[in-house]
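Participant: Next input, structure requested:
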Amino acid sequence: MTALRARIESIWYGGAPVPFWLAALVPAYRSLRAIHLAPYRFGWRVPKRIGVPLIVVGNLTAGGSGKTPLTIALVEALRLRGWKPGVVSRGYGGVQREPLLLDDMPTPARVGDEPCLIRQRTGVPVAVGRDRHRAALLLLERGVDVVIADDGLQNPALARDIEVCVIDGQRRFGNARLLPAGPLREPLARLAGIALNVCNGGVAQTGETSMRLVGDMAVPVTRSASVRPLESFSGQRAHGVAAIGNPERFFDGLRAHGIDVVPHAFPDHHAFAAADLAFGDDLPVLMTEKDAVKCTAFASQSFWCVPVRAELPEAFFDAIVDQLRARPKGQ
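Facilitator: All right, here's what the predicted structure looks like:
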């Protein structure tokens with residue numbers, strides 16, 4: 001973790017005072033966001049519908065909160081209930097700008113790590129592009145009858161039927177200030193307009209649905225060995241690698257299995273090179289699944305990824321299906 005990143009983390013989540021130069025930039029951020037939303041607030045532009053129901057999964061804070069595991073869980077739950085879901089994403093971290101439907105072997109450097117992970121884990125159609133409306137239309141060609149937008153709460157261009165906000169149950173909203181003085185992309189008042197709020201870890205507050213991320217297996221990144229229970233590393237020293245919004249959650253999960261973790265936190269969506277993981281020893285390297293998709297080209301047999309699955313009450317998914325069925329026809 002760089003000194004600047006550590007400093008920002010201490011301000012946003014550690015109770016450190018906000019320096020004047022960060023506080024002075026908040027009005028600029030607020031103004032830019034108002035300009036971004038103005039065409040839709042004044043009716044100059046209208047959010048576009050795609051012809052099938054759209055579920056937006058997002059959060060109010062900068063960085064990760066568990067959106068991708070929830071998106072994967074939602075895909076699987078909808079499929080079990082007879083729907084044909086697809087996923088649309090901006091493809092953050094990739095270079096692809098025009099709408100693109102992912103193939104079976106997507107490249108993280110081109111389309112982003114999270115779309116690659118979702119495609120590999122679920123097998124459902126996944127599309128990326130800066131214009132997410134155009135990208136979502138590509139999914140309809142594959143027979144998709146419900147689209148999930150991964151990280152789309154702040155995108156006013158898409159008309160959505162259901163919004164789901166994922167909240168980091170450990171860090172919550174930090175100092176509850178807008179960027180860059182705090183982690184908030186939008187004011188906390190935005191929560192009042194979101195029907196489904198999911199609390200990832202920690203203690204869910206009134207009106208929130210609890211979500212638990214479970215990672216209990218280790219998968220060889222090279223696929224050259226068998227899958228192992230994560231607890232088989234118990235009592236061993238191992239490198240922990242995480243380029244996610246809250247790396248400590250991953251490291252704590254490893255420690256909970258009795259692993260002596262040497263933590264290596266990288267910025268979210270970090271583009272790994274072999275040198276980043278050359279630690280000069282033969283200890284096992286345990287990493288998140290999102291990071292593993294970017295390391296396959298240079299992975300050694302000591303590299304293992306720890307997939308996580310999101311566990312939520314079945315009633316949560318039933319409520320979403322009920323809302324989908326209640327959606328007016330023809331929209």
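Participant: Please count neighbours and contacts with C-alpha atoms only from this point.
Facilitator: Fine.
Participant: domains in this structure, as residue ranges please.
Facilitator: 30-83+145-212+311-325, 216-307 (automatic domain parsing).
Participant: nearest residue to L74 other than its sequence neighbours?
Facilitator: F317 (7.2 Å; Cα to Cα, 6 or more residues apart in numbering).
Participant: Now that neighbour: which helix or strand?
Facilitator: Using DSSP states H and E, F317 sits within helix 314-325.
Participant: Just the buried positions in that helix, please.
Facilitator: F317, I320, V321, L324 (16 or more other Cα atoms under 10 Å).
Participant: Kindly report the same for stretch 133-142.
Facilitator: Buried, per 16+ other Cα under 10 Å, within stretch 133-142: H133, R134, A135, A136, L137, L138, L139, L140.
Participant: Could you export the one helix or strand the third one maps to as CSV, keeping only the C-alpha atoms?
Facilitator: A135 is part of helix 132-140, with elements assigned from DSSP H and E. What follows is helix 132-140 as a C-alpha-only set of coordinates in CSV (Å, rounded to 0.1, in the frame of the first residue of the first chain):
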residue,chain,number,x,y,z
ARG,A,132,-23.8,0.5,-21.4
HIS,A,133,-27.2,0.8,-23.2
ARG,A,134,-25.6,-0.2,-26.5
ALA,A,135,-23.7,-2.9,-24.8
ALA,A,136,-26.8,-4.3,-23.1
LEU,A,137,-28.6,-4.5,-26.4
LEU,A,138,-25.9,-7.1,-27.5
LEU,A,139,-27.2,-9.3,-24.7
LEU,A,140,-30.6,-9.5,-26.2
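Participant: can you give me the helices in the stretch 201-331 of the chain?
Facilitator: For the stretch 201-331 of the chain, applying DSSP state H, counting those that start in this stretch gives helices covering 247-255, 289-292, 314-325.
Participant: residues in contact with the closest residue to G64 other than its chain neighbours?
Facilitator: Leaving aside its chain neighbours, G64 sits nearest to G245 (4.0 Å; criterion: Cα to Cα, 6+ apart). By Cα atoms under 8 Å, 6 or more residues apart in numbering, the contact set of G245 is A62, G63, G64, S65, P267, D268.
Participant: unless I'm mixing things up, M217 is touching V227, no?
Facilitator: Yes - M217 lies in contact with V227 (Cα atoms under 8 Å); the separation is 6.9 Å.
Participant: Of the two, give the one with the bigger neighbour count.
Facilitator: In terms of neighbours (other Cα atoms under 10 Å), M217 is the more surrounded of M217 and V227; the figures are 16 against 13.
Participant: and that one, what does it touch?
Facilitator: V227, R228, P229, L230, E231, V306, P307.
Participant: which of those has the most neighbours?
Facilitator: V306 leads the contacts of M217 on contacts (other Cα under 10 Å) with 26 neighbours.
Participant: right, and it touches V219 too?
Facilitator: Yes - counting by Cα under 8 Å, V306 does reach V219; the two are 6.3 Å apart.
Participant: Going by contacts, tell me the helices and strands next to the helix ranked longest in the chain.
Facilitator: In the chain, with assignment by DSSP state H, the single longest helix is helix 26-41. Where contact means 3 or more Cα pairs under 8 Å, 6 or more residues apart in numbering; DSSP states H and E, helix 26-41 is not packed against any helix or strand.
Participant: Would you mark the buried spots in it?
Facilitator: V26, R30, L37.
Participant: Only C-alpha atoms, please: export the helix or strand bottoming out on mean pLDDT in the chain in CSV.
Facilitator: None of the helices or strands of the chain scores lower by mean pLDDT, DSSP states H and E than helix 3-13, at a mean of 86. The C-alpha trace of helix 3-13 is given here as CSV (Å, rounded to 0.1, in the frame of the first residue of the first chain):
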residue,chain,number,x,y,z
ALA,A,3,1.9,6.1,1.5
LEU,A,4,-0.8,8.2,-0.2
ARG,A,5,-3.3,5.4,-0.3
ALA,A,6,-2.6,4.7,3.4
ARG,A,7,-3.1,8.3,4.2
ILE,A,8,-6.5,8.4,2.3
GLU,A,9,-7.6,5.3,4.0
SER,A,10,-6.9,6.8,7.4
ILE,A,11,-8.9,9.9,6.5
TRP,A,12,-11.8,8.1,5.0
TYR,A,13,-12.1,5.2,7.5
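Participant: and A256, how many neighbours?
Facilitator: 12.
Participant: what pairs with the residue lying closest to D151 once chain neighbours are set aside across the strands?
Facilitator: Counting by Cα to Cα, 6+ apart, G58 is the residue found nearest to D151 once chain neighbours are left out, at 4.2 Å. G58 forms beta bridges with C165, as assigned by DSSP bridges.
Participant: for G58, what are its contacts?
Facilitator: Counted by Cα under 8 Å, 6+ apart, G58 has contacts K67, D150, D151, G152, L153, E163, V164, C165, V166.
Participant: Just among the residues you listed, which is most surrounded?
Facilitator: Counting by other Cα under 10 Å, top hit in the contacts of G58: V166 with 28 neighbours.
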